[in-house]
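>>> Just a sequence and a predicted model for now, questions to come.
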Amino acid sequence: MERGLTYEVLKKKVKELEKEAAKRRYAENALMESEERYRMAVEHSNDGVAILKGDNHVFVNQKFVEIFGYNVPDDIVGKPVWAFVHSDDRKRVTEINRQRQKGKQAPTRYECKGVRKDGGTIDLEVSATKTMYRGEPVSLVFLREVTERKLAEEAVREREAHMRAVLDASIDRIRYVDKDMRIIWGNKTTAMVHGMSPEDIVGKLCHKIFVGRDNPCQGCPTVKARETGKTERALIRQTRVKGIEGETFWDTYCVPLMSKSGKIEGYIQVARNITDQKLAEDHIHALTQQLMKAQESERQMISRELHDRVAQDLSTLKIGCDTLFDDNPEVVPELRKKALQLSEILHKTIMTIRDLTYDLRPPSLDQLGLVSTVYQYCEDFAEQSGLSVDFHSAGMDNLQLDSNIEINVYRLIQEGLNNIKKHAKAKDVFIRLVASSPNVILRIEDDGRGFDVEERMARISNEKRMGLRNMEERVRLLQGRMFIQSRPTRGTKILIEFPYKERISG
Amino acid sequence: MVKKKTVLIVDDHPLFREGLKAIIGRDTRFEVVGEAGNGRKGRRMAEKIKPDIVIIDISLPDKSGIELTHEIRSLLGETRVLIVSMHSKIEYISEAFQAGATGYVVKESASDRLLAALDSVTEGDYFLDSSVSQQVVKKLMEFPLKEAKITDAAYGTLTPREQEIMRLLAEGLSGKEIAERLFISPKTVENHRSSIMNKLDLHSTMELVRYAARLGLIDVDLWKH
């Protein structure tokens, strides 16, 4: 016996051992509890869990069994992995599993198709890792069925492709930009006309890439939409669009795109090239104006011819007729009477031609000036139509208006009054002609039954009644603007404003 | 025997001249002593013949009959001019008389009134064809009145700049805003403003707005109801 190995020492040792044993027991219990927890977690996991050793399943949970349409784990345990994988993926999945267990590089997440007990195919999302099981390397596999999610994703993708095809098919340039006007997405048209692909333009500033400007274009509706937060539209003229020669005109929209919380996330830009349409319109205006000018000069010419030639010749005829028998006193009275009747007809004809000359182009325009001529016309018109026409003018006497302007102002008043007579059923008409440097203001207002301006202007081109249209063209000819204000039963106000040009002297 | 009054006819229509000659031939106190188809020849003949009366058409191929009237009247103090023209408007008539003519007959009334016109003119009186005299008198009577009624004389005295400023004032812009808009100083705007008020005899902005509305410078309801 060793010295010092006394009872106390032994007792102490025993106590230590007992303590040690208790500790171990406690640890074992804890371990068992922990194992139980893990087992429970695995058993009740919403993912399918399996342990593969080599190619074979050595453990599967209940969820795993359900995913493949079996009843109990034993239906699967012991069977190889490839028995549950679709033939398309069998080789790949088996190989991944083997590589992993060998400790080689293998994907930890992948998708594959599985085969159910009933032969049906399912989409699976797999995540797997290598671990040790009873001292040997195994694969621990988690899997989730994603068949429905896959279908939904497929449907979304299909719809997106569909929408994209629709947008690509549009002749409009459509793009989605962020707040700084950088392109997030653009349809084919928007890129192709500039010789680029839709991918090329992503991330670029729209004004930079399409027109080479560092700043937004003049009148850009996106700039406006950034301020107003509303859809904006504008007609924009461009002189240097990439890939397009010459001047172009664009009908452009901008629609702010809001998130659910109402915050603006970006802007949809839609631009349509309306250059051809614009040119055609300009052409029509130019032609109409030429037509009007031609009409005026024709009228002037006819008026002059009638006055200076026809009426002159008729006067000669008349005097000839009146003096026909001066040297023949013996002519029978019947013949003299007949000559007198002829002379009277000639007299009337000359008067008619005078009136006609006046209607064609009032000579007083050149002689008395615009204000007196308009006044005279208003007086005559009031007398004929029974309307009360109140005409006032101010500041016009000092203006030496170009005769082209004068005749057009005169015609505008003529057309305005005739429109009122034909359609308005008015009693009173007010006309104001006022110089307001650098413009002239012409107001034609009536207290008639009025009309719906927008509806009327939309219908106007189909109508034979061209009154308003003619007036518009004339105003354009004067480089002025016309505003019509009218409401049913409330009368009509027409405001015309044009810059005056003085008669070119000499 | 009383000496016949000599007449020279200047008209580019030979047949019309024939007609005039025939009418004059009805009265033995007058005698046509020459004819010309244009102004130049008319003047030459007038200088040579020194007729008592020259009948002139306003529209001549080479010069205006008004011009010829003026020339003949300054060359030959004793010769009277009678205009026979297609024109019936007052401006032509007044121009003809201003140039020195003392008679005016419209061509289609020549058959009836030429002799009466020649009579008056020889006597040293003025003659105006009754078919136009009515119109002339009417115009003379109403013209100044109506002219004043339809145009605003006071507004007509404003300068272009004043017109511009008047409208902006009437539209409700302040002096400062107008100055900014027209790139001039507020002081200048104020000067224009007081000049406008002066010329139009206005004493407040309210009056100015009312005035502008009446002229049609700004939009207000002109309806009477």
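Thanks, I have the structure now.

>>> From now on I want contacts and neighbour counts done on CA atoms only, so please keep to that.
Will do.

>>> Which secondary structure element comes immediately after the lowest-mean-pLDDT helix or strand in chain B toward the C-terminus?
Ranked by mean pLDDT, DSSP states H and E, the weakest helix or strand in chain B is helix B:130-150, scoring a mean of 67. Following helix B:130-150 in sequence order, the next helix or strand is strand B:151-152 (DSSP states H and E).

>>> list the helices and strands whatever helix or strand comes next after that following strand packs on?
Next along the chain after strand B:151-152, taking DSSP H and E as the criterion, comes helix B:153-156. Identification of packing neighbours for helix B:153-156 by 3 or more CA pairs under 8 Å, 6 or more residues apart in numbering or on different chains; DSSP states H and E yields strand A:388-394.

>>> switch to 6 Å and redo it
Packed against helix B:153-156, as judged by 3 or more CA pairs under 6 Å, 6 or more residues apart in numbering or on different chains; DSSP states H and E, are no other helices or strands.

>>> That one: which residues count as buried?
Judged by neighbour count using 16 or more other CA atoms under 10 Å in any protein chain shown, the buried positions of helix B:153-156 are B:153, B:155-156.

>>> pLDDT added to these, as JSON lines?
Listed next are the buried residues of helix B:153-156 as JSON lines, based on pLDDT from 0 to 100:
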{"residue": "B:153", "pLDDT": "81"}
{"residue": "B:155", "pLDDT": "92"}
{"residue": "B:156", "pLDDT": "88"}
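
>>> show me where pLDDT drops low in the chain?
I'll assume chain A. Residue ranges of chain A with pLDDT under 70: A:1-5, A:367-368, A:458-466, A:501-506.

>>> not what I meant, chain B
In chain B (pLDDT under 70), the answer is B:1, B:138-149, B:220-225.

>>> Contact residues of it facing chain A?
With CA under 6 Å from any CA of the partner chain as the criterion, chain B comes near chain A at residues B:16, B:19, B:22, B:108, B:111, B:150-152, B:155-156, B:160, B:163-164, B:216.

>>> Grab the two from these that are most spread out in space.
Greatest spatial distance among the residues of chain B next to chain A (CA to CA): B:22 and B:164, at 63.1 Å.

>>> of those two, who's got more company?
Shown here are residue B:22 and residue B:164; by other CA atoms under 10 Å in any protein chain shown, residue B:22 has more neighbours (21 against 18).

>>> Report the spatially closest residue to that one, excluding sequence-adjacent ones.
Distances taken as CA to CA, 6 or more residues apart in numbering or on different chains put residue A:323 closest to residue B:22, at 6.0 Å, once the chain neighbours are dropped.

>>> number of nearby residues for the one you found?
Residue A:323, neighbours per other CA under 10 Å, totals 21.

>>> Looking at the stretch 251-400 of chain A, what residue ends up closest to chain B?
residue A:395 (4.0 Å; CA to the nearest CA).

>>> list the contacts for that residue?
A:435, B:155-156 (CA atoms under 6 Å, 6 or more residues apart in numbering or on different chains).

>>> which of these lies closest to residue A:485?
residue A:435 (21.4 Å).

>>> which residues touch that closest one?
Neighbours of residue A:435 in contact, by CA under 6 Å, 6+ apart: A:395-396.

>>> Give me the distance from whichever helix or strand it is part of to the chain's centre.
Using DSSP H and E, residue A:435 sits in strand A:428-436. Mean-position distance between strand A:428-436 and its chain equals 40 Å (CA atoms, centre = their mean, to the nearest Å).

>>> buried sites along that strand?
So for strand A:428-436, counting by 16+ other CA under 10 Å, buried means A:428-436.

>>> next structured bit after that strand?
Strand A:428-436 is succeeded, C-terminally, by strand A:439-446 (DSSP H and E).

>>> what's the angle between that following strand and strand A:388-394?
170 degrees (axes from the mean of the first three to the mean of the last three CA atoms, to 10 degrees).
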